[in-house]
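Student: A predicted structure for the sequence below; I have some questions about it.
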Amino acid sequence: MSKIIASAAIRGAHKIVGQADKKWQEAMDKWGANEPVGFPNTAYYLPVIYGILGIKVEKLGDMEEILKKCKLILPPPVRETHPLPYLAPALDAGMVTFFAEELIEAIRYLEEPDFYTKQEDPTDNNIWLGAADDVILRKRGIEFVDGTAPGFAAVLGAAPTSEIAASIAQELQQKNLYVFMSAEYNGKRFAEQLLEAGVQIGWPTRLVSFGPDITATVFAAGFAIRAGFSFGGIEPGDFRKHLIYNKDRIFAFALPLGSVTDEWYANAAGAINFGFPTIADTPIPEILPTGICTYEHVVSNIPHDNIVAKAIEVRGLKVAVAEVPVPVAFGPAFEGERVRKGEWYLECGGGRTPMVEWCTSKRMDEVEDGKIEVIGSEITDVPDESTLPLAIVVEVAGREMEEDYEPILERQVHHLINYAQGVWHIGQRDIAWLRITKSAFEKGFRLYHIGALLHAKLHQDFGRIFDKIQVKLYTEENSVKEIAEKAKAVYGARDARIEGMTDETTDMYYSCTLCQSFAPNHVCVITPEKTGLCGSYNWMDCKAAYEINPTGPNQPVLKGETLDTKLGQWKGVNAFIYKASRGNLDHYSMYSIVNDPWTTCGCCECVAAVLPLCNGVMTVNREYIGETPCGMRFTTLAGTVGGGVSTPGFIGHGKYNICQRKFISADGGLLRMVWMPKMLKEEIAERLKARAIEVGVPDLPDMIADETVGTTEEEILPFLEEKGHPAISMEPII
Amino acid sequence: MAGGKIKKSIDEASLEMIDKAAQDGVTTAFDRAEEMSQCAIGAAGSCCKNCGMGPCRVLTFKGQEKAARGICGATAETIAARNFIRMVAGGAAAHSDHGRGVTELFLAMAKGKAPGYEIRDEQKLLQLALEWGVEIGGRSNQEIAIDVGEIALAEFGKQEGELVTLSRAPLKRQELWQREGVAPRGIDREIVEIMHRTHIGVDQDYHNLLKQGVRAAIGDGWGGSMIATELQDILFGTPAPVLGRVNLGVLKQDEVNLIIHGHEPLLSEMIVAVAQDPQMLELAKSKGSNGINISGMCCTANEILMRHGVPIAGNFLQQELAIVTGAVDAMVVDIQCIMQSIATVAECYHTKIITTSPKAKIPGATHIEFDEHNALEGARTIVKTAIENFPNRGSNIWIPDKQTDMVAGFSHETINYLLGGLFRASYRPLNDNIINGRIRGVAGVVGCNNARAKHNEGHVTMVKELIKNDVLVITTGCNAIACGEAGLMVPEAAVEYAGEGLASVCETVGIPPVLHMGSCVDNSRILMAATAMVKDGGLGDDISDLPVAGAAPEWMSEKAISIGQYFVASGVFTVFGVTWPTIGNDEVTRHLFEDFEAMYGGMWAFEPDSIKAAHLMISHIDKKREALGIDKARERVLYDMEMRRELDAV
């Protein structure tokens, strides 16, 4: 009975718009029309309003226009007998609800600046995070792009018990989904229930406690809209594209738990505009015919143990869940868990004990597939809160296995271990650090399971490049040290080999269209001297990925005839770009920021921009939220260059790329670099220093300005001149 | 005997009035149809009276070896085809002359010479301007409207090239028209050419004759009618859903009853406005009435219902019956489908018949000519005449206590909005639910009443059968009124009458299973809706690929033949009931019913049994579903990242 839903949604919209209007009047009286309003650190203003209507709400006074529009669109109530068609009015009412909720929440930020933590995690006395800022958006958005997070569940209200809440949350996590929480039912809220059940919430565990009220639901819609902005390159006000983008690419749905109020219905109607269906645990009316959403619009009365599976089916999502033989939950959602002091049962590495991870190839007869050995003490042999040395040695064999693949497999160890709930891992090689929680231990997790999960997952993901795999876990100090020595020699040799590879030494580059699920016209071409701009893929990764999945997003690109050595243009590469960009672009340069530079998707690690006054370039990483000398913050820059267009003067690139030899080599290379945030400079300090020596200006790192010097060209120019930065005296960049 | 033993209508209100007419000694179309049988030769299309040597009868009898010919030697095929396309010419001329009238008013409005008229749908004006390459820039709406109006007007008299509106059709359809040589050059030219070619001794190849019929019909549906609809929408507003009432019970005992009957909304819009004038209401009260009750009849009724929710008194066969109530103080008429007998029936009561068009006068009626430059004044005179006639009512008044609610106002633009709201408007949900089988297909059921068939029975029976089988019905004209009277046009009817799948979609959107798209010129809206379905994708790339069908179960006018012909020429299988104008000639009939499918993707059929006709339509829909590969249930597709990557950019 969609009439009941439509009637309720329209009533709910009236209430929420009324509430927004009242709050706005009060705020106007108190603060005046010129008072700035907005969500923290975002270039997208109030994102649903900006995306759908194209209007920037920057001041209280700007809200008047939005409220007028809301009232204009707000449909009359649905008549009981012989109603006029109500679906479209209900959808409109839903959208208006989102507009009004953004106004309400923006006024809340103004009136109660500390209502939300405004960070990734809850604090001791506040669990409500509020709207995701652009740093979180980009960081998390990439997971939507590469598929580690296919979508999100907007959970409204509360489950009947904390245990049920925890089990629904865990199931959603295991399906790799984000959980966005808002609203209250029966005095309870889902986020509070999770805390009660001892579940870690916050962005890192994908359990995002947006806010206590129904109006915080709009943060989920805002997140979705901003995905379209930052990854899809969709323009403000192009509402149709925004909504279809979400329908096709953001696999989200609403899970109202508890009685659905008029206001909840209004939000559900808003979500349907985005193609996000509603799956309820109460016997509300259903809307089964398809059209706005991919499949059903509202499905109801679903038992809690089936609600996640049902939601995924209704949304039309395919989630491959890894079958991993460990006694704890497993999946990318658990990657972000923290294990604090007092929580762990066992700790290895991190400077306290030696720890090393090493993947090495063996002959076929030397490897027994699936064999896992713990050599030395198992976790059960030591008391609570112990430390142990640890060496994780992954031995693989297979006809397709190449030495070059060893580091790729080895690099998986970090996140795969982290995927296990209650197990925490950072670092790699001989600087790894591991903690296993008491709760994981109690559930039966042993060191042995590290081997078991590596065996299962590496087979699943990389089965094409090896046949057999065995894992040895050493916990005896001497053998760990011995292995570390052997491994260090191999690390050194590997690094030297990679450093030696140049674009000239290969005929084959690789494409990466992994993010075309979100940025359909963007194409990365990855060469030995240009890693992917998301920072995730280098040439070797692509090569391996191609071996693993010959029809996947990494395809070999034959260079073909060289068209321009300096700019880095090849016939074969251009032909590939044309095809892979769906005819959107017919060429780009691999070595220039000025002449036909490569395209960028919203998931780049850094954006570089030409600074004409300084005769150089700057770059900014996405974690840096401040102003930059080109006049734009990262998030605005990413919005400007994203979306698969070649924008002369701007490129997105990876952090690693900065110190690669071909980085904007046509324009003078690293010597052009005049500004970057301090945090970035520190992060890449070692390689920056080495590369500076290589280009003959060992002091270059100190000549590069940062925000402590200034954030405008005028501010940094005297500094560059004083330091004698080489860019100043180079030929004009444009 | 009238209402008597053999019921002449399925509508109770009409039956009551048929009985009352008999009691009052009034003769109506129902009686005349009984008294006068059809001319069998003419009905079969086998009579040629195009020259003074005739009329020639060319009936071919069974067992007769040598086919009959006219005196000039014209074969039965030639004669059947000539007669058929002359009907097309008549219908196309009627619609298109209506369109021309609208265009002239539109231009006068744009030039500021038609006080009282204005641009009500600016968006549609700009859209049309954009489509026709009219500069928008910083120009005023009036300036733009002048250019738009002049382009529209030129379409009627255009001599070469193609109609501009043809480019609205799916690309494949345009190519087909060019291939078959049936893309009309100008609206009038193709009609004139029919009259020429059917003159004694001109075109004597029935293939060639019928082709010209197709060409003129396209000039109607995609030309004259479409221009009429578009400009009427700009002038009076594009219809949006509205609740109205229908049937003779809308007449009021205590109010001045003024019925507006005919086809053009030009004057009726003004009458509706004037009827709300306090001065007029005051006058009405001074004459002892409690108000002014405007209602509509036939397509004028549809026009003012769609835009203002003005009640409908009835359809074609109810025009005399309305007067028989004794409660109609004036019936104002313009053009088309107005029975001359209303003047005669009115003589038995106090009703004043007012003709308004210089093109359509009736002896015995009062003529108050409609002048677009002075429309408000004309409307005032008319309303006043009705009011002043109120005290002349006799005591023999009987208004049937029967009226039904109906939701109307489904323009193709509105359907687009209704399926997704302001932000997601599209035909996607319709196509989607056709693909998934909840909706089996779409049928356009339109057309007249025919006194030779039981009033409204063919319409309602067919429509009920279609919706029962999950076919969504879109309707115009007298069919729409029949469906309204039968209670099929309220959202609740979906649950009662529609199949489960169709009902679930209707319930979701909040629409009746039968969508009222307007008057008979508004059949152009059906063409646009079909085109929108094609463009939204998933159902082929031409109208002829769609699982759709058309019908006119109670047709009688030449306009119906023209409409049917442009439906067929647009790729739609179209079934007519009651009678078929070429039935006397197998060859021509076969050509229309069979060969046309290969040529145009759409073809004619004749089936007087409405249930059987509905099933012909359903079979055709199923055939199209099979060709599209949507005849079987599809598995739900679950998307992973790889599949998402394959998606094209939006």
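Tutor: Ah, there it is. The structure presented is a predicted model; accordingly, all values stated were derived computationally and were not measured.
Student: Quick one: residues contacting the nearest residue to residue A:418 once chain neighbours are set aside.
Tutor: In space, and not counting its chain neighbours, residue A:418 is closest to residue A:335: 4.4 Å by Cβ to Cβ, 6 or more residues apart in numbering or on different chains. (Glycine included, C-beta is placed from N, CA and C.) If you count contacts by Cβ atoms under 8 Å, 6 or more residues apart in numbering or on different chains, residue A:335 has them with A:204, A:415, A:418, A:419.
Student: make it 7 Å
Tutor: Neighbouring residues of residue A:335 by Cβ atoms under 7 Å, 6 or more residues apart in numbering or on different chains: A:415, A:418, A:419.
Student: What distance do you get for the first one to residue A:453?
Tutor: Translated: residue A:415. Counting by Cβ to Cβ, to the nearest Å, the gap from residue A:415 to residue A:453 is 11 Å.
Student: quick one, which of these two is more surrounded?
Tutor: Neighbour count, other Cβ atoms under 10 Å in any protein chain shown: between residue A:415 and residue A:453, residue A:453 has more, with 25 against 13.
Student: Where helices are concerned, which of the contacts of residue A:335 count?
Tutor: Judged by DSSP state H, those include A:415, A:418 as members of helices.
Student: Adding pLDDT, write the contacts of residue A:335 out as CSV.
Tutor: Below are those laid out as CSV (pLDDT from 0 to 100):
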residue, pLDDT
A:415, 87
A:418, 91
A:419, 92
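Student: roughly how far apart are residue B:116 and chain A?
Tutor: To chain A, residue B:116 is 27 Å away according to Cβ to the nearest Cβ, to the nearest Å.
Student: That residue touches residue B:377, doesn't it?
Tutor: No. Taking Cβ atoms under 7 Å as the definition, residue B:116 is not a contact partner of residue B:377, at 9.2 Å.
Student: quick one: pLDDT of residue B:3?
Tutor: The score at residue B:3 is 43. That number is its pLDDT.
Student: Which residue is it, in the stretch 151-300 of chain A, that comes closest to chain B?
Tutor: residue A:291 (2.4 Å; Cβ to the nearest Cβ).
Student: Measure how buried that residue is and give me the count.
Tutor: 26.
Student: what secondary structure does it sit in?
Tutor: coil (DSSP: H, G, I helix; E, B strand; the rest coil).
Student: Could you report the distance from it to residue B:89?
Tutor: 42 Å.
Student: Skipping its backbone neighbours, what lies nearest the residue of the stretch 601-734 of chain A found nearest chain B in space?
Tutor: Using Cβ to the nearest Cβ, the single residue of the stretch 601-734 of chain A nearest to chain B is residue A:644, 8.1 Å away. Spatial nearest neighbour of residue A:644, excluding adjacent residues (Cβ to Cβ, 6+ apart): residue A:521 at 3.1 Å.
Student: ok, the residue nearest to residue B:151 when sequence neighbours are not counted to residue A:489 distance?
Tutor: Leaving aside its sequence neighbours, residue B:151 sits nearest to residue B:132 (Cβ to Cβ, 6+ apart; 5.2 Å). Counting by Cβ to Cβ, the separation of residue B:132 from residue A:489 is 78 Å.
Student: Around chain A, which positions in chain B sit nearby?
Tutor: Within chain B, the positions lying close to chain A (Cβ under 7 Å from any Cβ of the partner chain) are B:241, B:243, B:405, B:407, B:417-424, B:428-429, B:432-433, B:436, B:438, B:490-492, B:504-505, B:507-511, B:636-641, B:644-645, B:647-650.
Student: Of these, select the buried ones using a ChimeraX command.
Tutor: In ChimeraX syntax, the buried subset of these is picked out as below (16 or more other Cβ atoms under 10 Å in any protein chain shown):
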select /B:241,243,405,407,417,418,419,420,421,422,423,424,428,429,432,433,436,438,490,491,492,504,505,507,508,509,510,511,638,639,641,644,645,649,650
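Student: Out of the residues of chain B next to chain A, name the ones that lie in helices.
Tutor: Cross-referencing these against helices under DSSP H gives B:417-418, B:421-424, B:428-429, B:432-433, B:492, B:504-505, B:507-509, B:641, B:644-645.
Student: tell me the domain boundaries of chain B?
Tutor: Chain B breaks down into these domains under automatic domain parsing: B:76-236, B:248-392, B:416-628.
Student: and residue B:350, what element?
Tutor: Following DSSP states H and E, one finds residue B:350 outside all helices and strands.
Student: Quick check: it touching residue B:390?
Tutor: No. Look at residue B:350 against residue B:390 with Cβ under 7 Å: they stay out of range, at 8.8 Å.
Student: Closest residue of the stretch 151-300 of chain B to chain A?
Tutor: Taking Cβ to the nearest Cβ as the measure, the stretch 151-300 of chain B has residue B:241 as its residue closest to chain A, at 4.4 Å.
Student: Verify the stated contact: that residue with residue A:83.
Tutor: No. Residue B:241 is beyond contact range of residue A:83, at 9.5 Å (criterion: Cβ under 7 Å).
Student: contacting residues for the nearest residue to residue B:458 once chain neighbours are set aside?
Tutor: Nearest non-adjacent residue to residue B:458, counting by Cβ to Cβ, 6+ apart: residue B:553, 3.5 Å away. In this structure, residue B:553 makes contact with B:445, B:447, B:458, B:459, B:462, B:577, B:610, B:613, judged by Cβ under 7 Å, 6+ apart.
Student: for the chain, longest helix please?
Tutor: Just going to use chain A. Longest helix in chain A, counting residues (DSSP H): helix A:2-31.
Student: Chain B, not that one
Tutor: Using DSSP H, we find that the single longest helix of chain B is helix B:76-110.
Student: centre of the chain versus the helix or strand following that one, how much separation?
Tutor: Moving toward the C-terminus from helix B:76-110, the next helix or strand (DSSP H and E) is helix B:122-131. When C-alpha coordinates are averaged (Cα atoms, centre = their mean, to the nearest Å), helix B:122-131 and its chain have centres 24 Å apart.
Student: Could you check the angle helix B:122-131 makes with helix B:76-110?
Tutor: Per axes from the mean of the first three to the mean of the last three Cα atoms, to 10 degrees, the angle that helix B:122-131 makes with helix B:76-110 is 120 degrees.
Student: same for helix B:122-131, what does it pack against?
Tutor: Counting contacts by 3 or more Cβ pairs under 7 Å, 6 or more residues apart in numbering or on different chains; DSSP states H and E, helix B:122-131 is packed against helix B:141-157, helix B:225-236.
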